[in-house]
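Participant: coords please:
(chains A and B)
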Amino acid sequence: MTTTNPGLSRRRFLALGGAAAGGALAVGCSPASSTNTPVATGTGSAAKGVVTVMSQSGEFGPKEAKAASQALGLTVKTVEYDLTKLTAMLASGNPPDVVRGMGATETPYLVARQVAENLDPYFEKSELIKADDIDPVNDVWRYDGQKQGSGPRYGFAKDYSQDCTIWYNGALFDAAKVTRPSATTPLLLDELLDEGKRLVKRQGAKVSVYGLNPNGLGLFGQLTWMTDLAGGKLTSDDLASVDFSSPEAQRALTWYLEYAKAGIGPTVLNPDPNGWDGPTFQAGRMAATLSGYWLGGLFSGDAKSAKVAGFAPAPQFDTGRRVSPCFGATGLWMPKAGKNKDAAWKVMEWYLAGEPAKARAAGGWGIPPLKSLQKLMPQKLPYQKQAYDVQMAEKEHFSVTSYTPYVRQDAINAVITRELPKAIKGSVSAGQFADTLNDQINAQLADGKKRLR
Amino acid sequence: MSSALTEVRRTTTAAAAPPADRRKKPPGLKRARTFYLFVAPWIIGFVALTVFPLGYAFWLSLTDSDGLSPRTHFVGFDNYVEIFQDPLTLSSLGKTGLFALVTVPLSILAGLLLAVMLNQPIKGRGLLRGLIYLPAVVPPVGAALTFRLIFDRDAGAANGVLSGLGADPITWLVDPNVRYVLYALVLWGCGGSMIISLAGLQDIPRELLEAAQVDGASYWQSFTRITVPLLSPVILFQVITGVIGSLQSFAPLLLSSGSLSGAGTVPQGNYLYMIHVFAQYFSASRFGYASAMLWLLFAVILLVTLVIIKVSARTVFYTVEPEGKK
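Facilitator: You can find the predicted model right below:
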């Protein structure tokens, strides 16, 4: 039996209640999907009413809402981003008008479930965002039903990074007598691993300085990228299965396991208590990290870090293939069931291309999604200028990676981190690890695909 | 004759009674109506917020809902069948059972021990009671994050102490040590158990203990033959609520050793049932399967509670009968 739930339905509202039954976990049934034809009825002053933005308070919080209200003559409210809350709001047919999201990994998932609005008509009429000014990274927010990077736009980045570029602590490199990474020639991953082993500092069994952190925004992304660098593909063309057993994927896995076994940086067996690289780097406890340009925003107010920080291109294998991916492209999207789309677009447009976008560009916490704003990126301090130059050259090596629409990336990462400790401890080989990942992740993908039938 | 006359009088009286009296509702019905009127808010809340969501969750457990997809398919009892074929679900259930088996007795015993100690007329016992109870009022999230800091490998106080003693640091927050951190976290909050036991101890009639003393009973004999039996309903209450709480443990597991970003980073030692439910809901978006898991947990809790009550029937001593008679 199949039930279809167009629009707001009693069932979807009731889904909220179902959550409480099992430990206060919100549940839902379906999004509204009354039409597949997007219509932008206007982009000008006609837009009015209340717009609710679900985002993180540090990005689009009450302060930004107040500024938006004043600038646009609308009433803008904010709701703190929370996946549970978002699901419940979507399920009850009362979604926020604008939602924060990570385009690189979420777009296919949202589009396949008919949750996100096709924004092409709005972009066509936009006064602030012109087609030839859009940075190619925004293509991660496009999905044609089979491939990410083409088709309609379902969202737009507020800023982005190429997330495998390297921030390094020059002082730690000098102290360890390791040559600082080149600003133009990418390091080989094997060299980087070797350097990490030389850069790590230990006090007895305790690591006082991490030599390297290559974990990025999740291991699935990293392994997908490294498999690509090795000349293969981790995900099949139809995005419905993964293969960790191919020679290229094995190369990626083996590299990561060697890193983890060397104990030179954070792993699931030895997590960084700070939870992210910023504080660790600022404390002089991290020699190199594949974190992306955005981390540099942290150093502008930290003279100590600014003095030692250096930026380098994303590393590669010795295959000659060079890819510098983006795993986030955090931005905004609009739920299809939103009630006030024209006004929501005005808020999106203002935030993504108006005054807030200019301020973000100058802050250095990411690369602006519009080419015209990229000249505003900070270049005053030496580290900023160096990072800017490296980043501008790095753009040439960006390409969109297609993520699967069948499961959330979190689910895949959960499998990897669950099984990884056995491989790090050596109780299973890289091949066995690959087989386990294939079995479990492919089962998830098959289940997700079945649900979309 | 007279009886016939009496009968006629009765009939006549009844027939002659004013209609208003006949309409008068029996006092029992009136009382019942008043009762239901007063409890109506609770009943409405219970139906709307408990019965109905439970029913809806059961319906969800029969579907493959993911919360967002436009179509939801009815899959019958497939999710329930899958539970018994999913090694991760079964292993997490086993770990949860072991967790309850270890932490509930430990927590009750620690609380009882502290209660007995602090029931003595010692100086500053009020302050001591307050200090020991304090961790129980700390929100679980705060406690879990505090423990995470204490047991951090590089910066934690626990390894700081070890380091001061010349020992190597221990990776507390990863397997296999992580489960001991969890046990420590549970025991840290045993002040709640202490307060309940203390209340139970103070309810024990002093004359019984004095009589035992006069009869020459030792302290241990008084404790085991009088105190513990009289405290048995309190202990039963703690066992039942403790087991239910343990089987539903979630936030401390996620926060003390995992990551705020999700269940995927929780070490296997702490990968208990509710963590797996969380992973199924919010990482895998398998709302149907996760709802089935929660219904299974409900059944397990119900079964365990019934077994405890049944088993305890002969060992729990009630000084008050159900009717309120002593």
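
Participant: surely residue A:150 is in a strand?
Facilitator: Yes. Membership of residue A:150 in a strand is supported by DSSP: H, G, I helix; E, B strand; the rest coil.

Participant: next one: residue A:328 from chain B, what distance?
Facilitator: When distance is defined by CB to the nearest CB, to the nearest Å, residue A:328 is 13 Å away from chain B. From N, CA and C alone the C-beta is placed, and that goes for glycine too.

Participant: again, but for residue A:108
Facilitator: According to CB to the nearest CB, residue A:108 and chain B sit 13 Å apart.

Participant: close to chain B: what parts of the stretch 51-200 of chain A are there?
Facilitator: A:83-84, A:87, A:90-91, A:110, A:113-115 (CB under 8 Å from any CB of the partner chain).

Participant: other residues contacting stretch B:182-199?
Facilitator: Stretch B:182-199 has contacts (CB atoms under 8 Å, 6 or more residues apart in numbering or on different chains) with B:99, B:102-103, B:106-108, B:110-112, B:114-116, B:118-119, B:129, B:132-136, B:138, B:143-144, B:147, B:231, B:234-235, B:237-238, B:242, B:246, B:252-253, B:256-257, B:269-270.

Participant: for chain B, which segments count as strands?
Facilitator: For chain B, applying DSSP state E gives strands covering B:71-73.

Participant: return the per-residue confidence for the most centrally placed residue in it.
Facilitator: Closest to where the C-alpha atoms of chain B average out (CA atoms, centre = their mean) is residue B:241, at 2.8 Å. On pLDDT, residue B:241 comes in at 94.

Participant: please indicate which of the contacts of stretch B:182-199 are buried?
Facilitator: Burial by neighbour count, judged by 16 or more other CB atoms under 10 Å in any protein chain shown, picks out B:99, B:103, B:106-108, B:110-112, B:114-116, B:118-119, B:129, B:132-133, B:135-136, B:143-144, B:147, B:231, B:234-235, B:238, B:242, B:246, B:252-253, B:256-257, B:269-270 from these.

Participant: could you measure the residue lying closest to residue A:252 once chain neighbours are set aside against residue A:319, distance?
Facilitator: For residue A:252, ignoring the flanking residues on the chain, the nearest one in space by CB to CB, 6 or more residues apart in numbering or on different chains is residue A:226 at 3.5 Å. Distance, residue A:226 to residue A:319, by CB to CB, to the nearest Å: 11 Å.

Participant: next: residue B:249.
Facilitator: Residue B:249 is 48 Å from residue A:319, by CB to CB.

Participant: okay, the two: which has more neighbours?
Facilitator: More crowded of residue B:249 and residue A:319, by other CB atoms under 10 Å in any protein chain shown: residue B:249, with 22 against 14.

Participant: in terms of contact, does that one touch residue B:277 like I think?
Facilitator: No. Taking contacts as CB atoms under 8 Å, residue B:249 lies outside contact range of residue B:277: 11.3 Å.

Participant: ranges for the helices of the stretch 151-300 of chain B?
Facilitator: B:157-164, B:178-188, B:191-202, B:206-214, B:219-222, B:228-247, B:251-257, B:273-278, B:287-312 (DSSP state H, counting those that start in this stretch).

Participant: least confident of those, on average?
Facilitator: Among the helices of the stretch 151-300 of chain B, helix B:251-257 carries the lowest mean pLDDT (a mean of 73).

Participant: and that one, how far out from the chain's middle?
Facilitator: Relative to its parent chain, helix B:251-257 has a centroid offset of 19 Å by CA atoms, centre = their mean, to the nearest Å.

Participant: point out the other helices and strands that it packs with.
Facilitator: helix B:140-150, helix B:178-188, helix B:273-278 (3 or more CB pairs under 8 Å, 6 or more residues apart in numbering or on different chains; DSSP states H and E).

Participant: which one of those lies nearest to residue A:341?
Facilitator: Nearest to residue A:341, of all the helices and strands packed on helix B:251-257, is helix B:273-278, at 33.1 Å by CB to CB.

Participant: would you mark the buried spots in stretch B:186-197?
Facilitator: Buried residues in stretch B:186-197, counted by 16+ other CB under 10 Å: B:186-197.

Participant: assign residue A:289 to helix, strand or coil.
Facilitator: The three-state label given to residue A:289 by three-state DSSP is strand.

Participant: in a markdown table, list the helices and strands packed on helix B:251-257 along with distance to residue A:100.
Facilitator: Converted to a markdown table, those look like this (distance: least, CB to CB, whole Å):
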| stretch | distance to residue A:100 |
| --- | --- |
| helix B:140-150 | 23 |
| helix B:178-188 | 32 |
| helix B:273-278 | 21 |
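
Participant: just name the most buried of the ones you listed.
Facilitator: Among these, the stretch with the highest mean neighbour count (mean count of other CB atoms under 10 Å in any protein chain shown) is helix B:273-278, at a mean of 24.

Participant: what helices and strands are in contact with it?
Facilitator: Helix B:273-278 packs on helix B:87-117, helix B:251-257, helix B:287-312, going by 3+ CB pairs under 8 Å, 6+ apart.

Participant: thought residue A:303 was touching residue A:282, still the case?
Facilitator: No. The pair residue A:282 / residue A:303 is not scored as a contact, 10.9 Å apart, by CB under 8 Å.

Participant: where exactly do the strands run in chain A?
Facilitator: So, for chain A - with DSSP E - the strands run A:2-4, A:50-55, A:75-80, A:98-102, A:142-143, A:148-153, A:155-157, A:166-169, A:201-203, A:206-209, A:288-290, A:309-312, A:330-333.

Participant: closest to residue B:291 out of the ones you listed?
Facilitator: strand A:2-4 (15.5 Å).

Participant: quick one: average confidence on that closest one?
Facilitator: 43.

Participant: any idea how far the closest residue to residue A:239 other than its chain neighbours lies from residue A:447?
Facilitator: Once flanking residues are discounted, residue A:239 sits nearest to residue A:404: 4.3 Å by CB to CB, 6+ apart. The gap separating residue A:404 from residue A:447 is 12 Å, by CB to CB.

Participant: quick one, which of these two is more surrounded?
Facilitator: Per other CB under 10 Å, whichever of residue A:404 and residue A:447 has more neighbours is residue A:404, with 27 against 18.

Participant: show me what contacts that one?
Facilitator: Counting by CB under 8 Å, 6+ apart, residue A:404 has contacts A:108-109, A:235, A:239-240, A:445, A:448.

Participant: what about the nearest residue to residue A:230 once chain neighbours are set aside, how many neighbours?
Facilitator: In this structure, residue A:230 finds its nearest non-sequential neighbour in residue A:248, 3.8 Å apart by CB to CB, 6+ apart. Other residues within reach of residue A:248, judged by other CB under 10 Å, total 20.

Participant: pLDDT at the residue nearest to residue A:244 when sequence neighbours are not counted, what is it?
Facilitator: Closest residue to residue A:244 apart from its sequence neighbours, by CB to CB, 6+ apart: residue A:434 at 3.7 Å. pLDDT for residue A:434: 96.
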